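Enquirer: the sequence and its predicted three-dimensional model are supplied below.
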Amino acid sequence: MRQAAVIERARACFLRACWLDVAVRKPGNVSLASPGHGMQASMFIASARAAAVPLFEPGRSVGERIEAAVEATWSVAGCNTNLGILLLCAPVALAIEQHPGAVTPAALRAAVESVLATLDIDDASAAYRAIARAHPGGLGSAAEQDVHDAPTIDLRAAMALAADRDLIARQYRDGFADLFALAFQPPVSQPGCGETPSDAETLPDTATVASVQRLYLACLAAFPDSHIVRKHGERVAQTVMTAAQGWRERAAAGVVLDSDPAFAEWDLSLKAAGVNPGTSADFTVAALLLSGWIRSCAAPARDAASAWHGS
């Protein structure tokens with residue numbers, strides 16, 4: 001397949017993942033059904049469309065993709081809507097460009113690892129600028145390799161320094177191990193997640209909603225959300241994680257979560273308290289990109305005809 005076609009298919013998978021992120025209610029996160037944290041779903045959709053161009057631009061390094069995509073996001077949203085998404089998806093975008101034949105989870109993970117292994121100090125410099133520009137909630141400062149200073153080590157080494165306190169940084173250190181495990185574990189990896197809406201306003205079907213919610217809850221139930229920890233502390237993150245474990249069990253039992261008023265009430269209560277499981281949302285998008293790419297490789301003709309291209 002021509003490089004242009006590969007990149008366009010990967011970009012379509014990214015846009016679909018970002019769209020599902022707001023099309024499905026995920027407690028504490030902004031969605032079409034429930035704005036919050038001073039933001040609307042339309043801001044996230046606009047951010048995805050803007051960021052998708054530089055994120056998948058051929059020839060760019062990981063750091064360049066992150067920095068350019070953050071700038072594109074700010075040009076349309078005026079705030080940080082997707083830094084964690086970009087940090088996770090930039091290595092994947094380059095891996096697909098360099099290894100278009102990576103059409104199985106194992107091959108794609110090996111491709112991502114090869115990208116991580118070649119990250120350099122220029123990637124770190126660009127990523128530092130992007131992070132400082134986005135200024136995510138609770139960023140604070142670090143004793144070593146603070147993002148407000150010029151880096152002296154490569155991006156992967158810099159991320160490794162933060163890996164014990166930040167789940168996204170841990171992926172850079174560990175070869176995206178947690179993310180791949182989440183994206184391809186059954187029963188999360190369901191066929192419904194692979195269905196691509198043809199229009200940004202089209203709501204996903206019931207099976208897709210359930211799949212995305214299980215994916216989100218699997219992450220939120222397994223890890224203290226890094227964004228919550230930074231802003232509210234470990235205790236609040238643990239409380240949210242415990243609640244997510246209960247909802248994850250109900251989802252696994254086949255309960256339609258959106259039919260339970262308590263699920264929406266949990267969503268609203270988190271927003272009222274200013275609690276946003278942003279890292280879990282970032283993981284959800286990146287996991288949907290991974291699984292969406294693999295599924296698109298199995299049926300490229302169908303996906304090319306039906307994919308949402310952000311227009």
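Expert: Looks like it came in fine.
Enquirer: low-confidence regions, the protein specifically.
Expert: Low-confidence segments of the chain, defined by pLDDT under 70, span residues 1, 136-147, 187-202, 299-311.
Enquirer: let's go with 90 and repeat that
Expert: Residues of the chain meeting the criterion pLDDT under 90: 1-3, 132, 134-150, 152, 185-203, 298-311.
Enquirer: count the neighbours of Ala150 for me.
Expert: Neighbourhood size, Ala150 [other C-beta atoms under 10 Å]: 11. Just so you know, the C-beta spots here come from the backbone N, C-alpha and C atoms, and that holds for glycine as well.
Enquirer: give the helix, strand or coil label for the nearest residue to it once chain neighbours are set aside.
Expert: Once flanking residues are discounted, Ala150 sits nearest to Ser125: 6.7 Å by C-beta to C-beta, 6 or more residues apart in numbering. The assignment at Ser125 comes out as helix when based on DSSP: H, G, I helix; E, B strand; the rest coil.
Enquirer: same question, Ala33
Expert: Secondary structure, three-state DSSP: Ala33 is coil.
Enquirer: ok, it to Arg129 distance?
Expert: To Arg129, Ala33 is 35 Å away according to C-beta to C-beta, to the nearest Å.
Enquirer: so between those two, which is more surrounded?
Expert: Arg129 (18 against 15).
Enquirer: my guess is that one contacts Glu67, does it?
Expert: Yes - using C-beta atoms under 8 Å as the test, Arg129 is close enough to Glu67 to be in contact (5.7 Å).
Enquirer: what sits in contact with each of these two?
Expert: Common contacts of Arg129 and Glu67 (C-beta atoms under 8 Å, 6 or more residues apart in numbering): none found.
Enquirer: hang on, the earlier thing: tally of neighbours for the residue nearest to Ala150?
Expert: 16.
Enquirer: does it touch Thr152 like I think?
Expert: No - if you go by C-beta under 8 Å, Ser125 and Thr152 don't touch, sitting 10.2 Å apart.
Enquirer: if we go by neighbour counts, what in stretch 236-245 is buried?
Expert: Going by neighbour count (16 or more other C-beta atoms under 10 Å), the buried part of stretch 236-245 is 236-237, 240-241, 243-244.
Enquirer: what comes into contact with it?
Expert: With contact meaning C-beta under 8 Å, 6+ apart, stretch 236-245 is reached by 28, 217, 220-225, 228-229, 266, 270, 275, 277.
Enquirer: ditto for stretch 65-78
Expert: With C-beta under 8 Å, 6+ apart, stretch 65-78 has contacts from 43-44, 46-47, 49-51, 53-57, 60, 80-83, 86-87, 90, 93-94, 126-127, 129-130, 133-134.
Enquirer: same check, this time on stretch 219-235
Expert: For stretch 219-235, contacts defined as C-beta under 8 Å, 6+ apart pick out 84, 136-140, 165-168, 178, 182, 236-238, 240-241, 244-245, 247-248, 274-280, 283-284, 287.
Enquirer: how about 6 Å then?
Expert: Outside stretch 219-235, the residues within contact range by C-beta atoms under 6 Å, 6 or more residues apart in numbering are 137-138, 166-167, 182, 236-238, 241, 244-245, 248, 275, 277-280, 283.
Enquirer: buried among the contacts of stretch 65-78? Make that a ChimeraX selection.
Expert: In ChimeraX, a selection of the buried entries from the contacts of stretch 65-78 looks like this (16+ other C-beta under 10 Å):
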select :43,44,46,47,49,50,51,54,55,56,57,60,80,81,82,83,86,87,90,93,94,126,127,129,130,134
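Enquirer: helices - which of the contacts of stretch 65-78 land there?
Expert: Counting by DSSP state H, these place 43-44, 46-47, 49-51, 53-55, 83, 86-87, 90, 93-94, 126-127, 129-130, 133-134 in helices.
Enquirer: helices of the stretch 201-311 of the chain, start to end?
Expert: 206-222, 226-232, 234-252, 261-272, 278-298, 300-306 (DSSP state H, counting those that start in this stretch).
Enquirer: highest mean neighbour count out of the ones you listed?
Expert: Highest mean neighbour count among the helices of the stretch 201-311 of the chain (mean count of other C-beta atoms under 10 Å): helix 278-298, with a mean of 25.
Enquirer: same for that helix, what does it pack against?
Expert: helix 3-23, helix 83-98, helix 177-184, helix 206-222, helix 226-232 (3 or more C-beta pairs under 6 Å, 6 or more residues apart in numbering; DSSP states H and E).
Enquirer: mind putting the helices of the stretch 201-311 of the chain into CSV with distance to His148?
Expert: Below are the helices of the stretch 201-311 of the chain laid out as CSV (distance: least, C-beta to C-beta, whole Å):
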stretch, distance to His148
helix 206-222, 29
helix 226-232, 16
helix 234-252, 25
helix 261-272, 30
helix 278-298, 21
helix 300-306, 41
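Enquirer: which of the ones you listed sits closest to Arg16?
Expert: Arg16 lies closest to helix 278-298 among the helices of the stretch 201-311 of the chain, at 5.8 Å (C-beta to C-beta).
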